[in-house]
Structures are given as structure tokens and as C-alpha cells.
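Q: all I have is the shape, not the residue letters:
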Ligand SMILES: [Zn+2]
């Protein structure tokens, strides 16, 4: 059975038996993988603690062609983003990042850009308190890398550039319309939100998360990403509900 050594971020795990667990990880080299970690639920397992969600690890595992479940040989932690005593907001945000990636990335598809997005967003969220700007950044970039973010630079009615003026998003059509072509229909994305969207496309997550935004800018983008994600995910993510509660009052 071929042995793989991959750089991975653990997305989730679930029990396989009394002693074993399946881990789901996003790898830099092979996209999303699943592997059985044998004996990990025993108290003296060498793997226990290494394969926790949000951990950045070097993972060795065997996998056989045509089999979707590999077997973990060893794991070494490169960085644990939640550490020993994570704060609640960070824990909620990182769970949401992992669940979103797990939903959007199909198994067997290489996603090096998604790996870089997840890693840099975890780094940004570990270096400072997680805020709504970081979460918004992560959602919009997930949509973009998943090919689910329409091009909102131009009005699809008249061709006018709308990226610095704001627009109305026609969600199902995947189009932007300027106010005169939209005739009151569509989801409003104001000028400040359109500018934030531009900044997002040109900044790494730590820089974007440190910016301040005019009132309503992030809210418009949150509504936009919620509608776009809602169209592509067939369920409400549990971690999102909890994250909303954690951010209430911000
Ligand atoms: Zn127009």
C-alpha cells in the first residue's frame, strides 16, 4: 500500500469504533482526504491530541487506489491554532471555517489554493481576536475558490463598471446590476461594501481583518455570501449558528 506524507489541516473527526476514529483533513498536495486513525481513542495513543480540528500537521498515511479511506501511520503537529486554552469566538470561527471547507471541497480534488486560504485565515485568526471581517473574508474567498462567486465588476444590463459604486446582486442569475437597470430588484451591495469586496480580493486575510469599515459594509457582504452559500449548500451549517451567537453584540 503506498505511503503518503502530506501537509494537512484537520477539519473534523468522528468515531469509527471504541478505539478508532476517522479523520477528515485538507491537504496541500491531495485536497481532502479521510483516514482511519487506529487506537487514537486509547489513553496512551501517540496520535491522541495530534489530530484535533484546526491542527496543522505533517501526516503520514497509507491509501490504496480506489479506496476512499486511508490509514494513518503517524502525525506530527506543525502548529496547533487553538492551543490549550482557546477563546470561545476563535473556537467557533475555526469550527465554521473547517465545516465550510468540508462542505465545499469534494474528495479527490486537489485544492492548493483552498489549503492556502484556510492556513492563512487560521494564522490571521490566531494572531488577533477573530472578528467579522475575517469571517466575511473567509466566506467570500471560499465562494471565489469554489467558482461560486459571480463577477460583480460590471452591470450586466448596461455594461457600466459598478465595482466602486455599489450594485444590486441578482443571486440566481449570478449578475450585478446598476440601480437604474435593476429597477429596485436584487440584493443591495452599497458602495462601501463594493469597496470592501475589492480590498478583499487584493489583501491577505490578516491585513483585511485589521481594516475598519464604514457602517453597513460588512453587513451587505455577509448578506451576499449567505445568499450565495445558501444556494449551493443544501443545509444550514451548525457551526454558523453557533458563530452568530458568539458574535452577537459586536
Ligand atoms: Zn446598468
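A: Noted; the coordinates are in hand. Just so it is clear, the structure is predicted and the values come from calculations on it, not from any experiment.

Q: ok, residue 71 touching residue 64?
A: No. Applying Cβ atoms under 8 Å as the test, residue 71 and residue 64 come out as separate, 9.1 Å apart. For the C-beta atoms, the positions are set from N, CA and C on the backbone; glycine is no exception.

Q: name the nearest residue to residue 87, sequence neighbours excluded.
A: Once flanking residues are discounted, residue 87 sits nearest to residue 129: 7.5 Å by Cβ to Cβ, 6 or more residues apart in numbering.

Q: neighbours of the one you found, how many?
A: Residue 129: 11 surrounding residues under other Cβ atoms under 10 Å.

Q: tell me the secondary structure at it.
A: coil (DSSP: H, G, I helix; E, B strand; the rest coil).

Q: which ones are touching the residue in the chain sticking out farthest from the centre?
A: The centre of the chain is farthest from one residue, residue 180, which by Cα atoms, centre = their mean lies 34.5 Å away. Each residue near residue 180 by Cβ atoms under 8 Å, 6 or more residues apart in numbering is listed here: residue 158.

Q: how many neighbours does residue 178 have?
A: Neighbour tally, residue 178, other Cβ under 10 Å: 19.

Q: what's the answer for the one 3 residues further on, then?
A: The burial metric for residue 181, expressed as a neighbour count using other Cβ under 10 Å, is 20.

Q: next one, pLDDT for the residue most central in space within the chain please.
A: Taking Cα atoms, centre = their mean, the centroid of the chain lies closest to residue 97, which sits 3.9 Å from it. pLDDT, the model's per-residue confidence, is 97 for residue 97.

Q: ok, now which ones touch it?
A: Counted by Cβ under 8 Å, 6+ apart, residue 97 has contacts 54, 118, 121-122, 125, 138.

Q: what does residue 20 give?
A: Residue 20 neighbours (Cβ under 8 Å, 6+ apart): 36-41.

Q: the strands in the chain, which residues?
A: 3-15, 21-27, 31-37, 55-62, 69-80, 167-170, 175-177, 187-189 (DSSP state E).

Q: residue 150: which of these is closest?
A: Of all the strands of the chain, strand 175-177 sits nearest to residue 150, with 6.5 Å by Cβ to Cβ.
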